[in-house]
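Asks: Need a 3D model of the sequence below.
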Amino acid sequence: MSRFGDLVDISSPVLLDFFVDWSESCAEMNAVLRDVAAAVGDKGKVIKINADKNGKLVNALKVNGLPTLIIYKNGAVVWRKSGQQDANTLIALMRQYA
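Replies: Next up, the predicted model:
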């Protein structure tokens, strides 16, 4: 968990995408997240976390539905939502917290 803390405890926004390989909804988010990462550039990070391989983190953060998207800034959750999201919404949110 200390590595996770280091990952999200930065001043720029960090968008975490909790996914599983076998979910079509999660797979459909890949292109959206690529667009978000390209639009945000070095003003934020987009990180994919495989829920099947990170069970302790999933439980600690109470991730129930997939995909689940969480934006952290300075180590705190500033936005969270489960289900698919569109690129424009996520880009606007990342810019809002930049």
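
Asks: all strands of the chain, in order?
Replies: 14-19, 45-50, 68-73, 76-82 (DSSP state E).

Asks: show me where pLDDT drops low in this structure?
Replies: Residue ranges of the chain with pLDDT under 70: 1-2.

Asks: Identify each buried residue in the helix ranked longest in it, please.
Replies: Scanning the chain for the longest helix, with DSSP state H as the assignment, gives helix 24-40. For helix 24-40, burial by neighbour count (16 or more other CB atoms under 10 Å) applies to 26, 29, 32-33, 35-37, 39-40. For every residue, glycine as well, the C-beta is placed using N, CA and C.

Asks: if we can go back for a sec, and the strands of the chain as TSV, adding mean neighbour count?
Replies: Shown next, in TSV, are the strands of the chain (neighbours: other CB atoms under 10 Å):
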stretch	mean neighbour count
strand 14-19	23
strand 45-50	17
strand 68-73	22
strand 76-82	14
